[in-house]
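K.L.:
no sequence on this one, just coordinates:
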């Protein structure tokens, strides 16, 4: 679209008004069902980032959209913290696939963080036995992307783009994909419809509470919000689910946005398990200051291959390091995981 007026029906036939007037417009590019736009200097427009989830065949990926009522950074920080997963998402009745998560065997992981050109790797180590460790490496990619490792029970890569709408609302774009084969039809149906009234990592078709079309993102607001207490169920909390909340993304959203749309960081009490959050926050602040004070942009910010990264879950001998597994953290179109889940 070039912003030109198509027709001026009330103007004289020979009027040239429509040839002179243009509305503000931005270049758009579609790739695999996602529309990307560039809102900066037209002469500095970079190539689209090579995000693996947006480049695999359509049958390999499921993408969903919803609005989350909190600042985008709160959502990012919630996702790169992998210590919470087996606790917040856990059950108290020891049933179901979640109860079989390897991560549940050690609820006090040791964290290691490593700065990368693309952002930050946040690795958590859990001890399986004297000879074996289980590593999960979450990835933060500039400026607001997060990648989550697969589970053996759920062999998909997943993550989010946490796109700011304003200070207090975020467009949550979630993607789940298999790098080398189509998603199982059952998996896709679970993403779209949930399971027995519970949500998966994706907002189901029944999760939405549409607003008037005059409101931005009108059809992507959900019924799971602070006003509705995120549909908390006390009976479920006492008998089945640790959180009492109906599904994975609802549990995360309640923690990320339930306190306040923008949390007062001066009231925090960070612990050792918050290492990834603290390090990522420090990295972002440094990059913002460099850009503001010296005009310095992150290295390779305009290199589309910068984002060809995967989150990983690795079972390694006690003496092995996750950093030595750099090859499996590289995304390669069409290639399988490269290790056993």
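P.N.:
Looks like it arrived, so ask away. All figures in this text were calculated on a predicted structure; none of them were measured in a lab.
K.L.:
would you state the helices of this structure in chain order?
P.N.:
Taking DSSP state H to define them, one finds helices in the chain at 17-20, 72-80, 85-88, 185-193, 234-239, 248-257, 275-294.
K.L.:
let me see the ranges of the strands in the stretch 51-200 of the chain.
P.N.:
61-68, 110-116, 119-129, 132-141, 145-148, 157-166, 169-177 (DSSP state E, counting those that start in this stretch).
K.L.:
what packs against the fourth one?
P.N.:
With contacts defined as 3 or more C-beta pairs under 8 Å, 6 or more residues apart in numbering; DSSP states H and E, the packing partners of strand 132-141 are helix 72-80, strand 119-129, strand 145-148, strand 312-317. C-beta here means a position set from N, CA and C on the backbone, and glycine is covered the same way.
K.L.:
6 Å instead, please
P.N.:
Counting contacts by 3 or more C-beta pairs under 6 Å, 6 or more residues apart in numbering; DSSP states H and E, strand 132-141 is packed against strand 119-129, strand 312-317.
K.L.:
would you mind giving the ones you listed as JSON lines with mean pLDDT and distance to residue 291 added?
P.N.:
Shown next, in JSON lines, are those (pLDDT from 0 to 100; distance: least, C-beta to C-beta, whole Å):
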{"stretch": "strand 119-129", "mean pLDDT": "94", "distance to residue 291": "15"}
{"stretch": "strand 312-317", "mean pLDDT": "95", "distance to residue 291": "30"}
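K.L.:
and the spatially closest residue to residue 25 that is not a sequence neighbour, backbone torsions?
P.N.:
Leaving aside its chain neighbours, residue 25 sits nearest to residue 3 (3.4 Å; criterion: C-beta to C-beta, 6 or more residues apart in numbering). With angles defined as degrees, to the nearest 10, residue 3 sits at phi 80, psi 10.
K.L.:
based on its surroundings, how many neighbours for residue 3?
P.N.:
Residues lying near residue 3 (other C-beta atoms under 10 Å) number 10.
K.L.:
can you check residue 89 too?
P.N.:
Here the number of neighbours of residue 89 (other C-beta under 10 Å) works out to 20.
K.L.:
got it, and residue 209?
P.N.:
12.
K.L.:
out of the strands of the stretch 51-200 of the chain, which one sits most buried?
P.N.:
Ranked by mean neighbour count under mean count of other C-beta atoms under 10 Å, those are led by strand 145-148, which reaches a mean of 25.
K.L.:
name the residues that touch that one?
P.N.:
76, 79, 80, 139, 140, 158, 159, 160, 161, 311 (C-beta atoms under 6 Å, 6 or more residues apart in numbering).
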